[in-house]
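Q: model the following, please.
(2 chains)
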Amino acid sequence: MKKLSLIFTLLICLLLCSCGEQRAKKVVNVYNWGEYISDGSEGSLDANAAFEEYYYETYGEKIDVIYTTYASNEDMYAKLKSGASGYDVVIPSDYMIARLIEEDMLEKIDFSNIPNYANISDDFRGLYYDPNDEYSIPYTYGMVGVIYNSTVVDESDTGKWDLMWNEKYSGRILQFNNSRDAFGTAMYKLGIDVNTTDVGEWRTALEELKKQQPVVQGYVMDEIFNKMESGEASVSAYYAGDYLCMIENNEDLAFYYPTDDEGNYATNLFVDAYCIPKGAANKELAEIYINYMLSEEPAIANAEYIYYASPNSAVYDSEVYIEDMGEEAMDILYPEGFNFHDNYNKMSYHNLDSDTLSLVNNLWEELKISSATGETVYILAVAIIVGLVAYAVFHALRKRKRAKYY
Amino acid sequence: MKALSKVYTAIIFLILYAPIAVMVLFSFNSSNSTGVFTGFSTYWYKELFNDPATLSALKNTLILAVLSSCIATLIGTVAAVGISKLKSKYTQNTITTVTNIPMMNPDIVTGISMMLLFVFVSTTLGMSQSLSFSTVLIAHITFNLPYVILSVTPKIRQMDKHLTEAAMDLGCTPFQAFCKVELPAIIPGIISGFIMAFTLSLDDFVISYFTTGNGFETLPIRIYSMTKKRVTPDMYALSTLIFIAVLVLLILSNIAQGDGNKKKARARK
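A: The predicted structure is shown next:
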């Protein structure tokens, strides 16, 4: 028996030690969105493997890119906040970067290690989430637009957000299944500032969404791909880059950026950017990694893989890239004469304060509850639970009674 | 009535297997759409085997499932035997209930509490990296344990206790009696516990998500994180292959069991 327990302890020690051994080799820990880097599929460049090779050739040492993925900014935030991270490079979206900076969770980047930062267009300097350009380097950006099926929707109905409220297409319209984006569509339509803290304005937006409810087929996120490609739905708002994916499977789809009454763009813009979390163990390697990713070959490979617009001049000025994407895609991703900097600071979502955030969540619940089930489900659930409890009590009582007699 | 029962069975099977059938169908799609079937091709299967990230996620998942279910089976069996040997019925019941609680706990509670524990322990010990492969492994063993105990305990109860006493009467040491009499009697329970632990560990997402460190990505985590863009059809190809593998295993184990039963029946004659 003693032997057994000895073996056990040894095994456990071995397991605990195994995490220590890994650190002997040079590594850089990258935490990115899923499907958000060129991974070598379909004949593309495997960007991480290419970096490992590049590092070996330049510095004569082997390095491992440890690459893991997340599904949302909030998932990533939870992981970082737990203090368990150990990540060297993360790629959050703009509003999340603002929050991370506010909570002192990011490291200042040493730009002297990243000469390729010069490739980033001036349009992307001094954006609201990182006004002094200390913590982040843009990776991709994009704009929300309206996708519609040109065989169903009349050309004359397009151009504004009104299309998503149009009763002619009742039951064929898809709305975002996330509070910020859904409210956004209503607020851009009404010309309300999407970062307002005014309760009344949020209420007005909610009323607009309630008005839309009877014509909406469903509240969805990535199911949009299926529904639009198969023709099950005809109108939805989504990201320009994703529209380019959909059109490969359904040529009838068309796209536009909604404008307000004066003809200015009125829609959400986002930026995802490289950051280095506080306490990163391999900060310098992280900077080398980011610098490499900004260079021409991997940057083009990533931009072609992700299909979102790139802030990198080595990409959007590259002839290879322009040819690969095609004219139509370039027009959509990089609309002509579009001043990104000003539009971005005017229209994008900022990080809301906690009061407004909980208000938005409550309003969203109000919308969803009135749409989906009504109160019957709750009443039914309570009835079932009460029934079960009553049965259990009855059973116990009967048992006790019987025990008395026999 | 008979026709009705047949229809009912058919409907149940349809509901159970239609999603899998659709997935298998779309794994052979020539485009990356999941809504439109554009033509037959094995393109996504080729893609799958050229995708190192997915393959390493698969490898991680399998290593984790095998290790955690083996260790959980070992600890769980020992625990079940130990619980059954307790003298007081009251302690026995209490311990069984306590081991069952994690099973009813929502995964998210288990996951977050485990993460907090690991982070707390590692910061007090001053380790630089708190979450790693070992923490997921520990978490998986923990949530697998109750299932193993649950499937082994009834087998011990069914067993005739006098057999062990008889064996010791005839000169076995307690350890020998355990190996020669008790173990063969409870082995079906151990195997079903192992299989259950293995499958649970294979498809767990929530607990793995919170307890895994950087660099150790399991398949469920990888697939889930694809929802920012879209799940690529090579995942359908992979799921199809896993489904077929599991199906073959199940059929084989059923055949083996059938043979074993026949042999037993013959031996009895």
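
Q: helices and strands of chain B: which one bottoms out on pLDDT?
A: helix B:233-268 (a mean of 82; mean pLDDT, DSSP states H and E).

Q: now for that helix, which elements pack on it?
A: helix B:2-27, helix B:43-49, helix B:52-85 (3 or more Cβ pairs under 8 Å, 6 or more residues apart in numbering or on different chains; DSSP states H and E). For glycine as for every other residue, the C-beta is placed from the backbone atoms N, C-alpha and C.

Q: in JSON lines: those, plus distance to B:I251.
A: Below are the helices and strands packed on helix B:233-268 laid out as JSON lines (distance: least, Cβ to Cβ, whole Å):
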{"stretch": "helix B:2-27", "distance to B:I251": "15"}
{"stretch": "helix B:43-49", "distance to B:I251": "22"}
{"stretch": "helix B:52-85", "distance to B:I251": "20"}
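
Q: so which of the ones you listed gets nearest A:W33?
A: For A:W33, the closest of the helices and strands packed on helix B:233-268 is helix B:52-85, at 13.3 Å, according to Cβ to Cβ.

Q: quick one: name the residues of the stretch 101-250 of chain A near chain B.
A: A:221-222, A:225-230, A:232, A:242, A:245, A:248-250 (Cβ under 8 Å from any Cβ of the partner chain).

Q: closest one to A:I192 out of these, please.
A: Taking Cβ to Cβ as the measure, A:I192 lies nearest A:M221 of these, at 23.2 Å.

Q: surely the closest one and A:S179 touch.
A: No. Counting by Cβ atoms under 8 Å, A:M221 sits too far from A:S179 to count as a contact (12.0 Å).

Q: out of the two, which sits in the busier spot?
A: A direct count of neighbours by other Cβ atoms under 10 Å in any protein chain shown for A:M221 and A:S179 places A:S179 higher, at 18 against 14.

Q: chain neighbours aside, what residue packs nearest to the more buried one?
A: Counting by Cβ to Cβ, 6 or more residues apart in numbering or on different chains, the nearest residue to A:S179 once its immediate chain neighbours are dropped is A:W364, at 3.8 Å.

Q: what is the burial count for that neighbour?
A: Using other Cβ under 10 Å, the number of residues around A:W364 comes to 19.

Q: contacting residues for it?
A: By Cβ atoms under 8 Å, 6 or more residues apart in numbering or on different chains, the residues touching A:W364 are A:179, A:182-183.

Q: let me have the residues you listed in JSON lines, extended by pLDDT.
A: Output for the contacts of A:W364, formatted as JSON lines (pLDDT from 0 to 100):
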{"residue": "A:S179", "pLDDT": "89"}
{"residue": "A:A182", "pLDDT": "92"}
{"residue": "A:F183", "pLDDT": "93"}
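
Q: just send those residues back as JSON lines, with secondary structure and distance to B:L117 too.
A: Shown next, in JSON lines, are those (DSSP: H, G, I helix; E, B strand; the rest coil; distance: Cβ to Cβ, whole Å):
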{"residue": "A:S179", "secondary structure": "helix", "distance to B:L117": "32"}
{"residue": "A:A182", "secondary structure": "helix", "distance to B:L117": "37"}
{"residue": "A:F183", "secondary structure": "helix", "distance to B:L117": "38"}
